[in-house]
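Q: Mind folding the following:
(chains A and B, ligands or ions: 2)
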Amino acid sequence: MSGVLPRLERDGSGLCWVDRAGVVHSGVHLVRAFPLTAPDEQVSVVSAHGAELHLFEHLAGLDPEARALVEAALAAREFMPVIERVLSVSRHWVPSILEVQTDRGLTQLALESEESIRRIGADKLLIRDRRGICFVVEYHSRLDRRSKKLLERFL
Amino acid sequence: MDKDAADAPDRSCEAPQWVGTAPVRVDLDLDEALCFAHSRLELADGSLIWQGAAGEHRTWRVGPAMRLAHDTHAGAGTLRLEDAGTCLATWHHTQDALAAVQRLRDTFARVARGEPAHGGGDEGADGGGAALAHCPICRTPIPAGQDDCPQCDGGEANAPSTWILLRLWRFARPYKRSLLLGFLLTLASTFATLVPPYLTMPLMDRVLIPTQRGEPLDVALATGYLGALLGAALVAWGLGYWRTYILALVAERIGADMRNATFSHLLNLSLEYFGGKRTGDLIARIGVETDRICVFLSLQLLDFATDLVMITMTAVILASIDPLLAVATLAPLPFIIWLVYLVRDRLRFGFEQINRTWGEVTNVLADTIPGIRVVKAFAQEAREVGRFAELNQKNLRMNDRVNRVWALFSPTVTLLTEVGLLVIWGFGIWQVAHDRVSIGVLTAFLAYIGRFFTRVDSMSRIVSFTQQAAAGAKRIFDVLDCVPSVPPPHQPLPLAPVQGRIALHKVSFQYGNHTVLRDISLEIAPGELVGLIGHSGSGKSTLANLICRFYDVSQGSISLDGRDVRTIDLAQYRKHIGVVLQEPFLFFGTIAENIAYGKPDASRAEVIEAARAANAHEFILRLPFGYDSVVGERGQALSGGERQRISIARALLTNPRILILDEATSAVDSTTEKEIQKALDTLVQGRTTIAIAHRLSTLRKADRLVVLDKGEIVEMGTHDDLLARRGAYYRFCVNQAQQDGAAAALLESGA
Ligand SMILES: Nc1ncnc2c1ncn2[C@@H]1O[C@H](COP(=O)(O)OP(=O)(O)O)[C@@H](O)[C@H]1O
Ligand SMILES: [Mg+2]
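A: Ligands and ions are numbered 1, 2, ... in the order given. The predicted structure follows:
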């Protein structure tokens, strides 16, 4: 076993990856290969040039410290507000503007067409608004009745 | 034309080594001027003998410099006898004689070379081709073990007829219990609706008329009758509800079964079928027509049955009350039946036309939407809109024609029934005046007749619906009756672990009457990489299609590890074959789903591994949702090279023993090509590979190159061998060297 243990580290500009030979690649970022269907599996470490340096098979397999680092790095890059409540809709057919309460605050979601809503698995919804932001409904069936009823018309 | 003396066989001269076996004989069916005429060509005892229809004959002694050249064009084949380049004779023949002519040509070549006339072990393969029967109508070869022609499915036997609806029984059979129950309920509920008019009779004669005469009102009797009326109505309502519900349920299921059956049958048909069919038409058949039949079964047929029961019951009741009045009532019926008979054929013809037009309308949609980029690029929106509008116009015309007939028919029936009612009134009044019937009986009659005629009226409408459904059913059974032209083996033997040795033995192939491949023999060892080269249209893709068994060979055979592929279960066989096509098709779904298409239970790690091997992993990671990104119907969000790499990953994931690359890199730029090439280099390792490319540099790793020209193998060997031979391959290289510098390097390295 030559070299060092490959690992992810923080450096001045962000993240860096130390590979088996001890070479430090700075400016790397993390990418989930399956952000929707399996966010915690197959997370790739990608160099500044887009080449893959390493693939974490399961985040659960990491030690807590490394995992916290990975998750923090991922969170810093991801922007997928989770819809918690639908407050109102401007009208019941597309295009429509939905007033939604998300985990990142209150906002308006401009829904352009029915195709902008994508079902993932049985219960998850992905809604893309006009600005290109992807909103997530984690558990459609667990929304409150009013939100469900408002969303239903677009499904 | 008796040249016997001149050309008489000279038995004393050095005869070719002839083994006395049965003569090879061909019945020609065209003459020199390509008119239909019979003559016979025979190769026996080292001579070629031609016998005309009138008994004339010519004989040629086969010499070493002689050659029989064969060529097909526009459905007619030409056979030329040449001696050292000079043409001695020419014959023509049609497709029917093709197999025999090819046999003759082969035997002739052997005889000319001085070999035995019958090479060892060849008969089996040739015999297989010759034994094929031909359809008497369209002359397509009929695959062994089948009675009907796959092309024209028996011609006029399929002429549209209302009887075709009876074939729907096949789909109804699983539901016969529910259907029986539904029918019994129909009987019962119809009977219940017939009770109220019957009660009007005593209500009139025993309650109303006595009261009018001043007798005291019999309240108990009156309430009794009214109660019975209400009860009958309620029972009729309940039974009607139950019946309608059950039958509608069954009809929906029959419709769904029909759709499933049609779709699954369709997908099992060979590529040949899809080659000749338009997408929109097939979509219309499976979508619209099954739905129409479903509506027919659930609503219209049901109504018809009810009407029929009702009319029969009413007729019986009327006859039992007063036969004379009953006869008067039924008077308009024959006229209506005659009318129905009159319009039926016109309607069905019209509906068939409408259905076909509807298919065409869908065709335009199915054409234009996927081709939207081309439409826009050439600014042809207006033309497509025009095409669509024109078809719609045609649809309107057809509908107008049907409606003209129909519009006349319906009111005519209504008029007839009104007249019938009038007759009853007149006749009834006259009868009452002469005290032959009571007012109660007349009222009951009128009540029945009202119902009776509404029923007759609605029943006559079934004509239209029946014809509509019959036209739809015909188009569905057209699909269902089509037998796959790549028939599954009768008793497929299990496939042992596949090594990947492919052998083509004297393979010939025709699309219809266009011969594309001729006499191809090729052995590919397990793990070998064979490059196929040839001009566009030389039959490379066709050869690949035959190996995939998208089509079956016309003559000869293809075997995998020594087993004829026709004896192997198709699905099993294709599991061992990976194909990468020039136009990579991606389904609507995520990238991960597309990669795992051939192996849906693949783990995520496997998917990533395949993508990585196909050099696609990193670009996939750059997409906003990685492997969860959705690619559209035609994968429009991705570039050609990216789609190609996904299709390579797809082929890689199933880990096939045999790989077919049909111009996998020809549609992309050279940088992308290099990336794809890198992916392909991983892919081909350890697999039997057939790679087709027109850029020779992509075949630099090939163990062997095969040059095809006009459907025949003209050269075969390694790159260096072929260059040294200075033949067709050399010319290809020179050609490309002039086009780009890369091949020049290749040339130098080989020289
Ligand atoms: N489905 C088809 N029906 C009829 N003819 C076809 C069909 N596919 C190909 N052909 C004909 O067969 C010949 C060989 O085609 P193909 O094998 O695709 O050539 P290549 O791949 O070498 O360019 C061409 O002349 C082409 O017109
Ligand atoms: Mg081709």
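
Q: next helix or strand past the helix or strand in which residue B:518 is found?
A: In this assignment (DSSP states H and E), residue B:518 forms part of strand B:514-524. Per DSSP H and E, the first helix or strand lying C-terminal to strand B:514-524 is strand B:529-534.

Q: Contacts for that next one, please.
A: Residues from elsewhere that reach strand B:529-534 (C-beta atoms under 8 Å, 6 or more residues apart in numbering or on different chains): B:522, B:524, B:540, B:543-544, B:684, B:689-694, B:696, B:699, B:701-709, B:729, B:732. Heads up, the C-betas are built off the backbone N, CA and C, glycines and all.

Q: Now which of the residues you listed would you call buried?
A: Applying 16 or more other C-beta atoms under 10 Å in any protein chain shown to the contacts of strand B:529-534, the neighbour count classes B:522, B:524, B:540, B:543-544, B:684, B:689-694, B:696, B:699, B:702, B:704-708, B:729, B:732 as buried.

Q: If we check ligand 1, which of those are in contact?
A: residue B:540 (C-beta under 6 Å from any ligand atom).

Q: just checking, which of the buried ones among the contacts of strand B:529-534 belong to helices?
A: Among the buried ones among the contacts of strand B:529-534, DSSP state H puts B:540, B:543-544, B:684, B:729, B:732 in helices.

Q: Could you pull out the buried residues of stretch B:53-62?
A: Across stretch B:53-62, burial judged by 16+ other C-beta under 10 Å covers B:57-62.

Q: Quick one: the strands in chain A, in order.
A: A:7-11, A:14-18, A:24-32, A:41-46, A:52-58, A:83-89, A:96-102, A:105-111, A:117-120, A:124-128, A:134-137 (DSSP state E).

Q: Which pLDDT value goes with residue B:146?
A: pLDDT for residue B:146: 44.

Q: about what we covered before: among the ones in helices among the buried ones among the contacts of strand B:529-534, find the lowest-pLDDT one for me.
A: Scoring these by pLDDT puts residue B:684 last, at 80.

Q: Can you verify my assumption that that one contacts residue B:701?
A: Yes: using C-beta atoms under 8 Å, residue B:684 is in contact with residue B:701, at 7.4 Å.

Q: Need the residues that contact stretch B:622-634.
A: Contacting residues not belonging to stretch B:622-634 are listed as A:31-37, A:42, A:50, A:118, A:120, A:134, B:370, B:585-592, B:594-595, B:604, B:607-608, B:611, B:620, B:637-638, B:643, B:646 [C-beta under 8 Å, 6+ apart].

Q: Find the closest residue to chain A in the stretch 601-750 of chain B.
A: residue B:628 (4.1 Å; C-beta to the nearest C-beta).

Q: Give me the local confidence score for that residue.
A: 89.

Q: and if you look at the one 5 residues further on?
A: Confidence at residue B:633, expressed as pLDDT, is 59.

Q: in the stretch 301-450 of chain B, which spans are helices?
A: Taking DSSP state H, counting those that start in this stretch, the helices of the stretch 301-450 of chain B run over residues B:301-321, B:323-329, B:333-368, B:372-377, B:381-433, B:439-480.

Q: What is the burial count for the residue in chain A that chain B sits nearest to?
A: Nearest residue of chain A to chain B (C-beta to the nearest C-beta) works out as residue A:36 at 4.1 Å. Here the number of neighbours of residue A:36 (other C-beta atoms under 10 Å in any protein chain shown) works out to 22.

Q: residues in contact with it?
A: Going by C-beta under 8 Å, 6+ apart, residue A:36 touches A:120, A:124, A:126, B:625, B:628.

Q: Name the nearest residue to the last one, ignoring sequence neighbours.
A: Which is residue B:628. Among residues not flanking residue B:628 along the chain, residue A:36 sits closest, at 4.1 Å (C-beta to C-beta, 6 or more residues apart in numbering or on different chains).

Q: Let me see the contact set for the nearest residue to residue A:86 once chain neighbours are set aside.
A: Once flanking residues are discounted, residue A:86 sits nearest to residue A:147: 4.0 Å by C-beta to C-beta, 6+ apart. Each residue near residue A:147 by C-beta under 8 Å, 6+ apart is listed here: A:83, A:85-86.

Q: that's a helix at residue B:537, yeah?
A: No: counting by DSSP: H, G, I helix; E, B strand; the rest coil, residue B:537 falls outside a helix, being coil.

Q: ok, it to chain A distance?
A: Distance of residue B:537 to chain A, computed by C-beta to the nearest C-beta, to the nearest Å: 41 Å.

Q: What does residue B:491 show for phi and psi?
A: Main-chain dihedrals, residue B:491, degrees, to the nearest 10: phi -130, psi 90.

Q: That one: neighbour count?
A: By other C-beta under 10 Å, the residues close to residue B:491 number 6.

Q: Relative to residue B:568, how far out is it?
A: 11 Å (C-beta to C-beta, to the nearest Å).

Q: the domain parsing of the chain - what is it?
A: Picking chain A for this. A:7-77, A:83-152 (automatic domain parsing).

Q: Correction: the question concerned chain B.
A: Domains of chain B are assigned by automatic domain parsing as B:3-131, B:164-361+B:394-480, B:502-725.
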